[in-house]
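Peer 1: predicted coordinates and the sequence they were generated for:
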Amino acid sequence: MNDRNISQVVPALEVTEGAGVKIFRSIGTPTRRNLDPFLMLDQFSTYNPDDYVAGFPDHPHRGFNTFTYMIDGYMRHGDSMGNSGDLGPGGAQWMKAGSGVIHSEMPQQESGRMRGFQLWINLPAAQKMTAPEYQDIRPQAIPEVNLDDATVRVIAGEFEGRRGPVTDAHTNFHFLDIALEPGVHFEHAVPAHDTVFIYLFEGDATIGDDALQEQQLAVLDDGERISITAGSHAARFLLVSGSAIGEPIVQYGPFVMNSRDEINQALEDFRDGKLVQTRADMISR
Ligand code: FE2
C-alpha cells in the first residue's frame, strides 16, 4: 500500500458570513477555489457570542448539498416552507439544495462555545435541479469507535466495520472525526483515486515529512492509505474523501451550477420568487 502525501496545505482564512458570523474557510478561498467534489469548507469555532449570535438568516442555495457537523453548541435550521430541525453537539445535517431552498441557520444559545463545520458537496449536472431534501442526524445515530489511544466518530463511510449514517449516492462520501492521543500513529485505507483531505482542528500532526498545524487543511495526492502521526499535543481532525464529479463548476455565491447561463437562471428565479420549486422533505434518524 502506498501512503498519500500532502500535495497542498491550505490555511483557513477568517471571513465574515451571514449576518456577521465569523468563520474560518479553507476550501473556497483564493488558495483553493474548490476540491472536486467539495466546494467549500467552513469551520466555526469561538467562545465569543458576538461571533455567532447573528446567525445565518434566510438565504438561498441551488445546485449542491450542504453538510453541517456540530461539535459544540446548538443551531436551529428552518426553511421558507416550514421545515425545521435542531442541531446539537455531535449531531449533523445533510441538506440537498437541489433546485432551490431558502433557509436559515440560527444559533440557539447566547453564551458558551460554538464549534462545528459546514462542507458543501457538489451535485452532478443531472441532479442539480432535483427536489430538495433535509436529513437530520442525531448524535446517537453516529457510531463512535474507541481504540486504546484514538477515538473515531463515523459520520459517513466505514471504520472498523462500523458504518456512518450519512450517505451520498453520487460521490462515495466518507467523513470521519478522529481524535489521537499525543504521538499516536494512525493509518486508514482510502479509495486510491478519490479526493482526500484532512482538516486539523486541534493540536498538530505530521503526514509523511510534512507538518500540519491547527486550522490547516491538507490536500492529499493519490494512494491507498493515509498515514498520520499526532504531535506532542493530542490531535483532532476530519478525514474526508469523495469521488470527483469531473464537470465544469460555475459558482456565484450560494448557487453552484455547470454554466453561466444556469447561474443567470438561478439569479432570475431568485429575483422572481421562483427559486423554491418543490417542498423539501425532512427525514430524521
Ligand atoms: Fe445555508
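Peer 2: Right, received. Where do you want to start? Residues are numbered from 1 along each chain as shown.
Peer 1: quick check: mean pLDDT of the regular element (helix or strand) spanning G116?
Peer 2: Element membership for G116 (DSSP states H and E) is strand 114-122. Across strand 114-122, pLDDT averages out at 97.
Peer 1: ok, stretch 17-29 next?
Peer 2: Average pLDDT, stretch 17-29: 94.
Peer 1: now for whatever helix or strand F186 lives in, which elements pack on it?
Peer 2: Under the criterion of DSSP H and E, F186 resides in strand 185-189. When contacts are defined as 3 or more C-beta pairs under 8 Å, 6 or more residues apart in numbering; DSSP states H and E, strand 185-189 sits against strand 174-180, strand 225-230. Quick note: C-beta positions are derived from backbone N, CA and C, even for glycine.
Peer 1: save the ones you listed as CSV, and put in mean neighbour count and mean pLDDT too.
Peer 2: Formatted as CSV, the helices and strands packed on strand 185-189 follow (neighbours: other C-beta atoms under 10 Å; pLDDT from 0 to 100):
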stretch, mean neighbour count, mean pLDDT
strand 174-180, 22, 98
strand 225-230, 20, 98
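Peer 1: before we move on, the earlier item: and the strand holding G116 with strand 174-180, angle?
Peer 2: 150 degrees (axes from the mean of the first three to the mean of the last three C-alpha atoms, to 10 degrees).
Peer 1: could you point out which element follows strand 114-122?
Peer 2: Following strand 114-122 in sequence, per DSSP H and E, is strand 133-137.
Peer 1: output that next one in CSV, but only the C-alpha positions, please.
Peer 2: The C-alpha trace of strand 133-137 is given here as CSV (Å, rounded to 0.1, in the frame of the first residue of the first chain):
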residue,chain,number,x,y,z
GLU,A,133,-34.3,17.3,1.0
TYR,A,134,-33.2,17.7,4.6
GLN,A,135,-31.8,14.9,6.8
ASP,A,136,-31.2,15.4,10.5
ILE,A,137,-28.8,13.0,12.1
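Peer 1: dump the residue contacts of the residue nearest to the spatial centre of the chain.
Peer 2: The centre of the chain sits closest to L119, judged by C-alpha atoms, centre = their mean, with a distance of 2.2 Å. By C-beta atoms under 8 Å, 6 or more residues apart in numbering, the contact list for L119 reads I27, F38, M40, L41, D42, T66, F67, T68, Y69, F175, V240.
Peer 1: over to F173?
Peer 2: I121, A156, G157, V166, T167, V240, S241, G242.
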